[in-house]
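S.K.: Just the structure for this:
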Amino acid sequence: MRVLYAGMENELLVLTHSGEGWRTQAKLKGTQPVRVAVDPSDASIVYCATYGHGLWKSEDAGESWQATGKPQLYFEPAGDHGIPSPYITFVGTNPVKKGEESHVVYAGTEPSAMYYSEEGGRHWQEWTGIQHMTSRSE
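M.R.: The predicted structure follows:
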């Protein structure tokens with residue numbers, strides 16, 4: 001089975017090809033998908049960055065989606081937090097580096113910040129190196 005993802009203005013199209021042809025489903029309606037990333041080891045794990053509606057994750061190749069990366073409302077160990085901005089401009093998975101459950105996933109935001117998760121999107125760490133870039137304010 002082949003699966004393609006197409007970000008439209010206000011929804012994500014999930015196109016699935018089987019022996020019977022193509023099936024198209026509209027997902028994440030009302031969002032503004034800007035980027036999709038698939039885990040290199042498990043094609044059923046998919047992340048979708050949306051501009052203004054946060055980061056979303058599917059564990060069933062796009063059939064269902066749940067928000068991930070939201071700031072935690074309870075105490076977390078130092079350094080563990082969500083992604084404070086709903087303006088996700090980038091999502092990608094590391095093709096080599098694996099975390100506990102899947103490949104490391106990265107998310108970039110506006111204002112300029114970069115986060116990564118080694119636990120399949122459950123906990124996020126900020127990569128502070130971006131704070132020293134001269135273009136950060138832009």
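S.K.: CA atoms for contacts and neighbours, from now on please.
M.R.: Will do.
S.K.: excluding its backbone neighbours, what's nearest the residue nearest in space to the middle of the chain?
M.R.: With the centre of the chain defined as its mean C-alpha position, the nearest residue by C-alpha atoms, centre = their mean is Tyr47, 3.5 Å away. Excluding the flanking residues, the one nearest Tyr47 by C-alpha to C-alpha, 6 or more residues apart in numbering is Lys57, at 4.5 Å.
S.K.: strand partners of the one helix or strand the one you found maps to, parallel vs antiparallel please.
M.R.: If you go by DSSP states H and E, Lys57 is part of strand 54-58. Here strand 54-58 has these sheet partners by DSSP bridges: strand 46-50 (antiparallel), strand 66-68 (antiparallel).
S.K.: Select, out of the ones you listed, the one closest to Lys98.
M.R.: strand 46-50 (15.1 Å; C-alpha to C-alpha).
S.K.: Please state the offset of the closest one from the chain centre?
M.R.: Mean-position distance between strand 46-50 and its chain equals 4 Å (C-alpha atoms, centre = their mean, to the nearest Å).
S.K.: which other residues reach that strand?
M.R.: For strand 46-50, the external contacting residues (C-alpha atoms under 8 Å, 6 or more residues apart in numbering) are 31-39, 55-59, 61-62, 86-91, 107.
S.K.: Between the two ends of stretch 38-58, how far is it?
M.R.: The first residue of stretch 38-58 is 10 Å away from its last residue (C-alpha to C-alpha, to the nearest Å).
S.K.: what's the neighbour count on the closest residue to Glu110 other than its chain neighbours?
M.R.: Nearest non-adjacent residue to Glu110, counting by C-alpha to C-alpha, 6+ apart: Tyr87, 5.5 Å away. Neighbourhood size, Tyr87 [other C-alpha atoms under 10 Å]: 21.
S.K.: Brilliant, that's me finished.
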